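3D model of this:
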Amino acid sequence: MIKANKIRHILASVIILATLYLAVSLALKLGSGGKKGEGLPALPRNVELSLSKIHYTETKDGVKQWDLFAEKGEYDKARDVTRLTGVRLVLHERGRSGDITLVSDQADYYNASKDVRLSGNVVAISDSGMEFTTGRASYEAGRSLVVTDDRVRFTDSGMSVTGVGMELSVKTRQVRILRDVTAIVTPGKKG
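Predicted coordinates for the structure are as follows:
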C-alpha cells in the first residue's frame, strides 16, 4: 500500500509541475504578444495623407493635357499642396515636336491651380529631341508655360544655349532665355 501512495504523490507532483510549466509559458507568450510590431512611421504634423506610386492626369475638353507620376507623395491639407518625390511630368502636345517629359527629384503640386514646382536635377526632353536641364522649374498650368529663374542649358537641332532664366511655351514651343545668354550653333549636315 505504501507503494501505491508513493505513486499517487509522484503523479500529483508531475501534474502540478506540468500545470505550472503551461501557466508560465502562456504568461510569457501573452506578455510578449502585447508588444507592437514595426508600424508605419508617424507623419509630420502638417501632412494629412501619405501615398506611394501616384499618377495624376489633367484633361481639358476631353483632351489629355498632362500626366504627373511620382514615387511618393504627402498631402498638406492646410496649404492644399502635395509634396512629391521621384517625379515625372509629361506635357502632352499633338504638334510637330510631341510630348515634353520633365523629370526631377521632387516637386510641389498645387491642387487648386494645378501648377507644379519641380526641384532637384530637373531634366526635360521632348519627342523631337529638344532638351533642357536646370536646378528647378515650374509648370504654370493656366498659361501652359514652363519657367525657371535658375541657370539653364537648352539644346535643340544643333543649337546649345545656356543662360539664367527661361520661359518655354508648351503649345507654341517658343523658348526665351532671359539673361547671361551664350549660344553655340552647329550647322547641320547637307544631304
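
switch to C-alpha atoms for all contacts and neighbour counts from now on
Fine.

now the lengthiest strand in the chain: buried residues?
When the chain is parsed with DSSP state E, its longest strand is strand 63-76. Buried residues in strand 63-76, counting neighbours by 16 or more other Cα atoms under 10 Å, are found at 65-76.

show me where pLDDT drops low in the chain?
Along the chain, segments meeting pLDDT under 70 span 1-2, 32-50, 95-96, 188-191.

which residues in it form strands?
So, for the chain - with DSSP E - the strands run 49-60, 63-76, 81-91, 100-110, 115-126, 131-140, 145-156, 159-169, 175-185.

so which of the ones you listed is nearest A23?
strand 49-60 (43.7 Å; Cα to Cα).

that closest one: partners in the sheet, and parallel or antiparallel?
In the sheet, strand 49-60 lines up against strand 63-76 (antiparallel) (DSSP bridges).

hey, C-alpha coordinates of the strand it pairs with in CSV?
Provided in CSV are the C-alpha atoms of strand 63-76 (Å, rounded to 0.1, in the frame of the first residue of the first chain):
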residue,chain,number,x,y,z
VAL,A,63,-8.1,66.1,-74.3
LYS,A,64,-5.3,65.0,-72.0
GLN,A,65,-3.1,67.9,-71.1
TRP,A,66,-0.6,66.3,-68.8
ASP,A,67,0.3,63.2,-66.7
LEU,A,68,2.1,63.6,-63.4
PHE,A,69,3.8,60.5,-61.9
ALA,A,70,5.6,60.2,-58.5
GLU,A,71,7.1,57.5,-56.4
LYS,A,72,5.8,59.1,-53.2
GLY,A,73,3.6,62.0,-52.1
GLU,A,74,2.4,63.7,-48.9
TYR,A,75,-0.7,65.9,-48.9
ASP,A,76,-0.6,69.1,-46.8
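
need the contact partners of it.
By Cα atoms under 8 Å, 6 or more residues apart in numbering, the residues outside strand 63-76 that reach it are 46-59, 81-93.

still on that earlier bit, for the strands of the chain, give me CSV that also has distance to I10.
Formatted as CSV, the strands of the chain follow (distance: least, Cα to Cα, whole Å):
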stretch, distance to I10
strand 49-60, 63
strand 63-76, 66
strand 81-91, 70
strand 100-110, 73
strand 115-126, 77
strand 131-140, 82
strand 145-156, 88
strand 159-169, 93
strand 175-185, 97
